[in-house]
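1. Build me a structure from this.
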Amino acid sequence: MIHHRMWNWVAMWLAMAMVFAPPGFAAGKGPGAVRKQAEMSMVVTGQVRIAADGRVDGVRIDRESEIPKAVADLIRQNVPQWRFEPLATSGAAVATDTPMNLRVVARRLYEQADEAYELRLGSAHFGRDEPSHLPSQAEMRPPTYPELAARSNVSGLVYVLARIGRDGRVEDAFAEQVNLHAVGSEAQMKRFRELLAQSTLTTAKQWRFAPPTQGPYADETHWLVRVPVAYALKRDKAPAYGQWDLYIPGPRQRAPWIDADRDATAGVDAFGDERMQSVGRGRRLMTPLDGNS
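-> Purely as a prediction, here's the structure:
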């Protein structure tokens, strides 16, 4: 969907820090080309009522007055077209009121003559487990901020997928995506993503969790969680609910050891940047997020 409204894009665009190349960096595509990759997004929460046959009977958006009207319109336009895998209880399908988390993404369309923007649903997660049914944090030391990144005013967010064994140790960890709140050449951006990912994974493999002792997942051989790890500078201010966050998105990658069919989310970033997210536990959406089958 295309909208012709700025949402303070210019101010946010100008505020995004420039990265200055240290000696030895190849140029590649310059900062101007990288800026055009920028997108802004927000997480919207609410509840969707799913009928016994998987159709959507209704949707509620949390604090709807605090989000842009175009975002609410986009959600209400697409949600009625969704179809979920029916949920069976005691052999019979049942209707449920299910929590939802949606990441709404806006991107400027530079090929358009005027200031046009594409607004879309980027990712989603449906459902919420009891905290006692999931691994809990026991020891999660934050990673070290890479000196070169801090000196270059580069901040960012790393989405980490961790596989936790029955002893609470991290058996494996994988950086699925690294978004940067800075602009540089293509080569610089790649290098800084690697620095943040490497520092994150080095520390993540030392994290410790307390495995669940009750609930439907207590007897599993391992558990999967996503953890957003933020590298923030003094200038950075986390957006409030309903506010846009501007960044240069990194490529999304899938861990070679994850079962794609088990991952019920439609992306790595459906939760807010401060939330640890279980993987493979939500209601399964059978149709695309944009509502088209």
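2. what packs against the longest strand seen in the chain?
-> Ranked by number of residues, the top strand in the chain under DSSP state E is strand 96-109. Applying 3 or more C-beta pairs under 8 Å, 6 or more residues apart in numbering; DSSP states H and E, we find strand 96-109 packed against strand 39-50, helix 69-78, strand 116-126. Backbone N, C-alpha and C define where each C-beta goes, glycine included.
3. between these, which one is nearest to Val178?
-> Closest to Val178 of these is strand 39-50 (C-beta to C-beta; 14.2 Å).
4. So which bits of that closest one are buried?
-> Buried residues in strand 39-50, counted by 16 or more other C-beta atoms under 10 Å: Glu39, Met40, Ser41, Met42, Val43, Val44, Thr45, Gly46, Gln47, Val48, Ile50.
5. three-state assignment of Asp259?
-> coil (DSSP: H, G, I helix; E, B strand; the rest coil).
6. Now it: closest residue in space, sequence neighbours ignored.
-> Excluding its sequence neighbours, the residue lying closest to Asp259 (C-beta to C-beta, 6 or more residues apart in numbering) is Gly280, at 7.7 Å.
7. cool, Pro31 as well?
-> With C-beta to C-beta, 6+ apart as the criterion, Pro31 has its nearest non-adjacent residue at 5.0 Å, and that residue is Val183.
8. hey, what's the one you found bridged with?
-> Judged by DSSP bridges, the bridge partners of Val183 are Met18.
9. ok, it to Pro212 distance?
-> Per C-beta to C-beta, to the nearest Å, Val183 is found 42 Å from Pro212.
10. before we move on, the earlier item: as CSV, the helices and strands packed on strand 96-109 with mean pLDDT and distance to Arg141 would be great.
-> Listed next are those as CSV, based on pLDDT from 0 to 100; distance: least, C-beta to C-beta, whole Å:
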stretch, mean pLDDT, distance to Arg141
strand 39-50, 95, 26
helix 69-78, 95, 36
strand 116-126, 90, 26
